[in-house]
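[1] let me see the structure of the following:
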Amino acid sequence: MTVLPSTEFLHLVIDGQTRNVVRLHERNCTCGRFHLDDIPRSHAMAVIQKFHMDSYKYCSDYYSIDYLLKIYEIPVNPLPDETTWQIPEHVSSQVVLPPKGKIKPGRPKKKRGIGG
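    As a prediction, the model looks like this:
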């Protein structure tokens with residue numbers, strides 16, 4: 001990948017035929033994955049590595065060990081045995097049937113826009 005800096009925070013990354021604009025200060029890229037996952041993808045990593053920056057600085061805090069440990073701070077109690085559940089009569093008397101129709105085998109057809 002070729003990294004061409006435009007400004008301090010704006011870089012053009014050329015990967016074969018693909019061109020992506022990476023904005024590190026906004027944590028996004030024109031491919032959309034950097035902003036979506038909050039993890040630098042290959043285009044952003046190319047910029048980060050070229051300028052010897054810390055890649056962890058551009059990851060969301062949710063992926064840190066501190067946040068992982070916070071998940072387990074609150075105890076989660078398991079449900080009691082199913083035989084001890086007290087289910088109201090109006091709920092237990094309802095019958096839920098499977099959906100009508102048959103699912104066709106294979107991959108679903110692609111939905112096209114207007115005129116397609």
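[2] longest helix of the chain?
    When the chain is parsed with DSSP state H, its longest helix is helix 42-50.
[3] and stretch 39-58, how far from the chain's centre?
    Relative to its chain's centre, stretch 39-58 lies at 18 Å (C-alpha atoms, centre = their mean, to the nearest Å).
[4] how about residues contacting it?
    Residues from elsewhere that reach stretch 39-58, judged by C-beta atoms under 8 Å, 6 or more residues apart in numbering: 1, 3, 11, 13, 15, 20, 22, 24, 27, 29, 31, 33-34, 59-60, 63. Backbone N, C-alpha and C define where each C-beta goes, glycine included.
[5] among those residues, which lie within helices?
    In helices, defined here by DSSP H, the members of those are 33, 34.
[6] against which helices or strands is the worst-scoring helix or strand of the chain on mean pLDDT packed?
    Counting by mean pLDDT, DSSP states H and E, the weakest-scoring helix or strand in the chain turns out to be helix 33-37, with a mean of 78. In terms of contacts (3 or more C-beta pairs under 8 Å, 6 or more residues apart in numbering; DSSP states H and E), helix 33-37 is packed against strand 28-29.
[7] that'll do, ta.
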